[in-house]
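# All I have is the shape, not the residue letters:
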Ligand code: FES
């Protein structure tokens, strides 16, 4: 059975914003897309740029280093120079708590 670990409160992350949390030693970026939350690795697959410093527009995040873009729902690459998809994590909201599934 998958363990969902408390990562943040919903009030910590306004719509359109990203917050990094550490869960089980991993940096995970929590993204608020119009009230829906998504969890991705906080490392760009191009050259390890910190994605929480990037711009979130709708469900697309742009890496601040060289401009790669990813869909935060699926991890899919939308723009070079990244070619590998981002790691994503299952997430659920219980009350006001955002809980992330550990790999
Ligand atoms: S490190 Fe993200 S685009 Fe290069």
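Arrived safely, thanks for sending. This one's a predicted model, so the numbers in the text were calculated from it and none came from an experiment.

# what stretches of this protein score poorly on pLDDT?
Scanning the chain for pLDDT under 70 picks out 103.

# residue ranges for the strands of this protein, please.
4-9, 18-23, 26-33, 36-41, 55-57, 60-62, 69-71, 77-79, 88-89, 91-94, 97-101 (DSSP state E).

# can you give me how far the third one is from the chain middle?
Remark: strand 26-33 is offset 3 Å from the chain centroid, using CA atoms, centre = their mean, to the nearest Å.

# And the contacts of stretch 68-86?
Stretch 68-86 has contacts (CB atoms under 8 Å, 6 or more residues apart in numbering) with 31, 33, 38, 40-41, 44-46, 49, 51, 56, 59-63, 66-67, 87-88. Just so you know, the C-beta spots here come from the backbone N, C-alpha and C atoms, and that holds for glycine as well.

# Buried members of those into ChimeraX, please.
Listed next is the ChimeraX selection for buried residues among those, using 16 or more other CB atoms under 10 Å:
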select :31,33,38,40,41,44,45,46,49,51,56,59,60,61,62,63,67,88
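
# Not including adjacent chain positions, what is the nearest residue to residue 86?
Spatial nearest neighbour of residue 86, excluding adjacent residues (CB to CB, 6 or more residues apart in numbering): residue 75 at 3.9 Å.

# contacting residues around the residue nearest to the spatial centre of the chain?
By CA atoms, centre = their mean, the chain has its centre lying nearest to residue 40, at 3.0 Å. Going by CB under 8 Å, 6+ apart, residue 40 touches 28, 29, 31, 51, 61, 70, 72, 75, 86, 87, 88, 89.

# Which one of these is nearest to residue 6?
Of all the contacts of residue 40, residue 28 has the smallest distance to residue 6: 12.3 Å, by CB to CB.

# any chance of the contacts of residue 40 in JSON lines, plus distance to the ligand?
Output for the contacts of residue 40, formatted as JSON lines (distance: CB to the nearest ligand atom, whole Å):
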{"residue": "28", "distance to the ligand": "17"}
{"residue": "29", "distance to the ligand": "13"}
{"residue": "31", "distance to the ligand": "16"}
{"residue": "51", "distance to the ligand": "8"}
{"residue": "61", "distance to the ligand": "10"}
{"residue": "70", "distance to the ligand": "9"}
{"residue": "72", "distance to the ligand": "14"}
{"residue": "75", "distance to the ligand": "14"}
{"residue": "86", "distance to the ligand": "10"}
{"residue": "87", "distance to the ligand": "14"}
{"residue": "88", "distance to the ligand": "16"}
{"residue": "89", "distance to the ligand": "19"}
